[in-house]
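S.K.: what's the 3D shape of this:
(4 chains)
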2 protein chains.
Amino acid sequence: MSPDMTASMEDYLESIYILNERKKHVRVKDMARQMNVKPPSVIEALKSLEKKKFVIHEPYGYIELTEEGLKMAKRIYKRHKNLKNFLSCVLCLDERTAESDACRIEHHLSKETLERVMGFMAFMDENQGKNKNAAMFRDFNVYFKSFGNR
Amino acid sequence: MSPDMTASMEDYLESIYILNERKKHVRVKDMARQMNVKPPSVIEALKSLEKKKFVIHEPYGYIELTEEGLKMAKRIYKRHKNLKNFLSCVLCLDERTAESDACRIEHHLSKETLERVMGFMAFMDENQGKNKNAAMFRDFNVYFKSFGNR
DNA sequence: TAAATATATTAGGCTTCCCTAATTTTGTCA
DNA sequence: TGACAAAATTAGGGAAGCCTAATATATTTA
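M.R.: Sure thing, here's the model as predicted:
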């Protein structure tokens, strides 16, 4: 994504974005809970994100995304969503598994592959209404179910 | 996989296995080249793998897998291969991209998802001969190509 | 408003995984 | 076989990410 954004920093950034959707203000405590880390780890991450100009955070205050940070976070979030949908759609995974797996691999896919995933989802959308490919997915589903889905 | 196998250690183990297929003897130098790291990193990894009883390596000697190590390496390798095939098959990725992406995400997928990937590949194998689903994949391919494949 | 509680921050430490530079061992060949 | 080259190893260090314990600030409440 950005040259010097690590997987971990992407996660922290995404977490701010997601929390912002739900609550008016984002706090260290919230991020810590969501990311499953302790507050000092959040502080450390925030410092790094501030240095990169993605986040504004005055000591003891709320956490905000800069314009750049928001743009980046949206891209990361979209990527995440697409990946999750792809997994749950193609592999018939339940929501929870698709979610957590998407979370772990989203940072590690090439631009190329991500484009294909997006393309695949677009393809699915375009063709779902027309009921094309329905037979194939029915077959997949039956097959998956047969060896222990859910 | 194994509780205390990191992604990195899995890669080192896999690399020994792959090199063993090609050459009679595996050396530090070979691993370093293949893994794109410097020799001291290999040495360090080998020590860790020895402690886990996956590798036997007497100083300045060749590198060998234990029985356990071989079992583990085979599992890792199979997982890798399946993932690679899945990516290249479903997303119509070229070999190189499928290979390197598989490499990066193989450590991060849940048991559940890996089972599905394996299942998907089995499904494909079973149905390829019967020429089921052919229309769907043709469609995918056309679609992918249309927005800039290769 | 003062004490108690909650939250945030700092300090310092640990592990993993990589590195460079220096040293040791092994292998080669004149 | 002795010198040189190649390979392996050790020593030591750095970045990333996490942690706990201690401290500072903010918020709540009696």
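S.K.: tilt between the strand or helix carrying A:His80 and helix B:67-90?
M.R.: Under the criterion of DSSP states H and E, A:His80 resides in helix A:67-90. Here helix A:67-90 points in a direction 100 degrees away from that of helix B:67-90 (axes from the mean of the first three to the mean of the last three C-alpha atoms, to 10 degrees).
S.K.: Now for the residue sitting nearest the centre point of chain A: which residues touch it?
M.R.: By C-alpha atoms, centre = their mean, chain A has its centre lying nearest to A:His80, at 2.8 Å. Contact analysis of A:His80 by C-beta atoms under 8 Å, 6 or more residues apart in numbering or on different chains lists A:14, A:102-103, A:106. Where you see a C-beta, it was placed from the backbone N, CA and C, and this is true even at glycine.
S.K.: how near is it to B:Glu115?
M.R.: 22 Å (C-beta to C-beta, to the nearest Å).
S.K.: Now do the end-to-end distance for stretch A:48-64.
M.R.: 14 Å (C-alpha to C-alpha, to the nearest Å).
S.K.: Give the buried residues for it.
M.R.: Of the residues in stretch A:48-64, A:48-50, A:52, A:54-55, A:57, A:63 count as buried by neighbour count, 16 or more other C-beta atoms under 10 Å in any protein chain shown.
S.K.: what sits up against the helix or strand hosting A:Ala102?
M.R.: Per DSSP H and E: A:Ala102 is located in helix A:95-105. Helix A:95-105 has contacts (C-beta under 8 Å, 6+ apart) with A:11, A:80, A:83-85, A:87-88, A:91, A:93, B:105, B:108-110, B:112-113.
S.K.: between the residues you listed, which is nearest B:Arg33?
M.R.: Comparing the contacts of helix A:95-105 against B:Arg33 with C-beta to C-beta picks out B:Ile105 as the nearest, at 23.0 Å.
S.K.: Flag every residue of chain A that's near DNA strand C.
M.R.: Within reach of DNA strand C by C-beta under 7 Å from any atom of the strand, chain A has these residues: A:27-29, A:32, A:39-40, A:43, A:46-47, A:57, A:59-61.
S.K.: picking up where we left off before, now, the most widely separated pair of the buried residues of stretch A:48-64?
M.R.: Among the buried residues of stretch A:48-64, A:Lys52 and A:Ile63 lie farthest apart (C-beta to C-beta), at 14.1 Å.
S.K.: Next, check the residues of chain A next to DNA strand C against the strands and list the overlap.
M.R.: A:His57 (DSSP state E).
S.K.: Reformat the residues of chain A next to DNA strand C as a markdown table; add distance to A:Ala98 and pLDDT.
M.R.: What follows is the residues of chain A next to DNA strand C, written out as a markdown table (distance: C-beta to C-beta, whole Å; pLDDT from 0 to 100):
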| residue | distance to A:Ala98 | pLDDT |
| --- | --- | --- |
| A:Arg27 | 28 | 97 |
| A:Val28 | 29 | 98 |
| A:Lys29 | 28 | 98 |
| A:Ala32 | 25 | 98 |
| A:Pro39 | 29 | 98 |
| A:Pro40 | 31 | 98 |
| A:Ile43 | 31 | 98 |
| A:Leu46 | 29 | 98 |
| A:Lys47 | 32 | 98 |
| A:His57 | 32 | 97 |
| A:Pro59 | 38 | 96 |
| A:Tyr60 | 37 | 97 |
| A:Gly61 | 35 | 96 |
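S.K.: Near DNA strand D, list only the ones from the residues of chain A next to DNA strand C.
M.R.: Contacts with DNA strand D within the residues of chain A next to DNA strand C, as defined by C-beta under 7 Å from any atom of the strand: A:40, A:59-60.
S.K.: which of those residues lies closest to B:Glu68?
M.R.: Checking these against B:Glu68 by C-beta to C-beta gives A:Pro40 as the nearest, at 38.2 Å.
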